[in-house]
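>>> just coords:
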């Protein structure tokens, strides 16, 4: 099972409403290009932003501990949680050059109202809610192997840019609370059993992954 024949996971499938939202909101944003490895905060104590990422790949981090929440590819809209004007505490780091439109969230309500975007916004947020529930399920799986298995399936579903930017161990460790030694032990066992193929620490192929191990 490689990137060409794997079944996309729920987290890897984009929202069907995001392109409409990004396209219709971009004209009201300040557009900027950011190079790789640039860090951008979604909110601070005094300012909250909505980011419309129309080109590029990035990684979303939780700010208090730098934990990776997920990887993303354009088109993406981030910062909708800031509509509450609460401090969300997250930031993105660009992987490739990203084209991003920025809108202060205090302006977003009136734009959404004027452009009649409440329905696609609501449907998009329902999908995002489902993705967050899935992340919670994955991270609360009963065994270490099941957590690692879920992350391997997510990684093989990522695009080549993301897969080439990180090792398997790093991808799993920064998204979970698992130790490096435990991750490496299970990866070595899966590789020795012919379940996965690795090259220089990067995931090349999944041949099969048993539900229990």
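Yep, that arrived. Treat the numbers as computed from the prediction; the structure is a model and nothing was measured.
>>> Okay, now the unreliable bits of the protein?
Residue ranges of the chain with pLDDT under 70: 1-8, 44-45, 82-88.
>>> Quick check: closest non-adjacent residue to residue 32.
The spatial neighbour of residue 32 that comes closest, neighbours along the chain excluded (Cβ to Cβ, 6 or more residues apart in numbering), is residue 100 at 5.8 Å. Where you see a C-beta, it was placed from the backbone N, CA and C, and this is true even at glycine.
>>> Name all residues that make contact with that neighbour.
Contacts here follow Cβ atoms under 8 Å, 6 or more residues apart in numbering; on that basis residue 100 touches 31-34, 40, 51-54, 56.
>>> nearest residue to residue 72 other than its sequence neighbours?
residue 58 (5.5 Å).
>>> now the helix or strand hosting residue 25, how far from the chain's geometric center?
For residue 25, the host element (DSSP states H and E) is helix 18-25. Chain-centre distance of helix 18-25: 18 Å, with Cα atoms, centre = their mean, to the nearest Å.
>>> State the distance from residue 168 to residue 35.
26 Å (Cβ to Cβ, to the nearest Å).
>>> just to revisit the earlier point, got a markdown table for the contacts of residue 100, with distance to residue 213, neighbour count and secondary structure too?
Formatted as a markdown table, these follow (distance: Cβ to Cβ, whole Å; neighbours: other Cβ atoms under 10 Å; DSSP: H, G, I helix; E, B strand; the rest coil):
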| residue | distance to residue 213 | neighbour count | secondary structure |
| --- | --- | --- | --- |
| 31 | 47 | 12 | strand |
| 32 | 46 | 13 | strand |
| 33 | 44 | 12 | strand |
| 34 | 40 | 19 | strand |
| 40 | 38 | 18 | strand |
| 51 | 39 | 22 | strand |
| 52 | 41 | 25 | strand |
| 53 | 36 | 24 | strand |
| 54 | 41 | 18 | strand |
| 56 | 36 | 21 | coil |
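>>> All set, thanks.
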